[in-house]
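Q: No letters, just coordinates:
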């Protein structure tokens, strides 16, 4: 997954530890509604994505630092063709609702991403990969997510993991847990901080109450349907944020059709990070060095074999040094 904006913003992000809502773990939590902004991913026929993280109101949810939601789009008109590009300091999580994408990386991996199957790639010190929707894909629809690596693991070795979660059916919902634990299901996929990632599809009119960890903050991204999270209405492409301190989350589908959501969570990420293009570091200098390593073709990122074209060049760096920007304190 690449952020192929032609002029990506340079952000220094920090998540303050949130004490959570008053009233204890059983109180109805406060829900902050985050709206997405539309971002074209480069070029005249660019695929438009809806980005909910990062944004001015909130830069991280746990270690989740980037969330793009795209489709459904006609793949023949607006497919995905992302040439080899680099990553540092993060893990990428690919999750599809429809379509198929071929992933190639500098580990030598060639893997297909299909609905209900998760691909997680670790690009600590450096990795490169490409992503192309397959010729048989008619409709492309899914999310692309990034996880920031903590400082002690920011230079972790390249890695790739694939997981197909078994669906759990409960309370009029079908849940696929691709990271962490929820509703009695636990993913075996390795991460460097505690995380939760799950697709939750609710039947028409269904209401589901989930037990969650009080030390986690959570975000519920709505793909389809009219959904309420802890009584707060969320429309498609909106993300509802719940701070730490609650032990249950109640999700309701007010639609007369199934509603699909993605639940993300984790303990507040207590570090400041710098994000620019496809790199995460701890300083402006980290970003400058990573960009130079990619541009000169150093061995840091390796080579992606089998992609029929050139790799993606890095955009120009901003003229200003990155300034701190973090989550606002709770009132």
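A: Happy to help now that I have it. Worth saying up front: this structure is predicted, and the values here are computed from it rather than measured. Numbers count the residues shown, from 1 in each chain.

Q: Run through the stretch 201-331 of the chain and note the low-pLDDT ranges.
A: Within the stretch 201-331 of the chain, the segments meeting pLDDT under 70 span 323-331.

Q: What segments of it are helices?
A: For the stretch 201-331 of the chain, applying DSSP state H, counting those that start in this stretch gives helices covering 284-295.

Q: can you check the stretch 51-200 of the chain too?
A: According to DSSP H, counting those that start in this stretch, the stretch 51-200 of the chain carries no segments that qualify as helices.

Q: Would you confirm that residue 284 contacts residue 322?
A: Yes: here residue 284 lies in contact with residue 322, judged by Cβ atoms under 8 Å, at a distance of 4.7 Å. No exception for glycine: its C-beta is placed from N, CA and C like everyone else's.

Q: Those two: which is more packed in?
A: For residue 284 versus residue 322, neighbours defined as other Cβ atoms under 10 Å are more numerous around residue 322 (21 against 18).

Q: Okay, the spatially most central residue of the chain and residue 164: tell me how far apart.
A: The central residue of the chain, meaning the one whose C-alpha is nearest the mean C-alpha position (Cα atoms, centre = their mean), is residue 145 at 1.7 Å. Noted for residue 145: a distance of 17 Å to residue 164, by Cβ to Cβ, to the nearest Å.

Q: Residue 124 too?
A: Where residue 164 is concerned, residue 124 sits at a distance of 25 Å (Cβ to Cβ).

Q: So for these two, which sits in the more crowded spot?
A: Residue environment comparison for residue 124 versus residue 164 gives the larger neighbour count to residue 124, 20 against 10, counting by other Cβ under 10 Å.

Q: Against residue 277, how distant is that one?
A: 17 Å.

Q: Residue 125 too?
A: Distance check for residue 125 against residue 277: by Cβ to Cβ, it reads 17 Å.

Q: quick one: which of those two has more around it?
A: A count of neighbours by other Cβ under 10 Å puts residue 277 above the other of residue 125 and residue 277, at 24 against 16.

Q: Hmm, that one is touching residue 315, no?
A: Yes: in terms of Cβ under 8 Å, residue 277 counts as a neighbour of residue 315; the distance is 6.1 Å.
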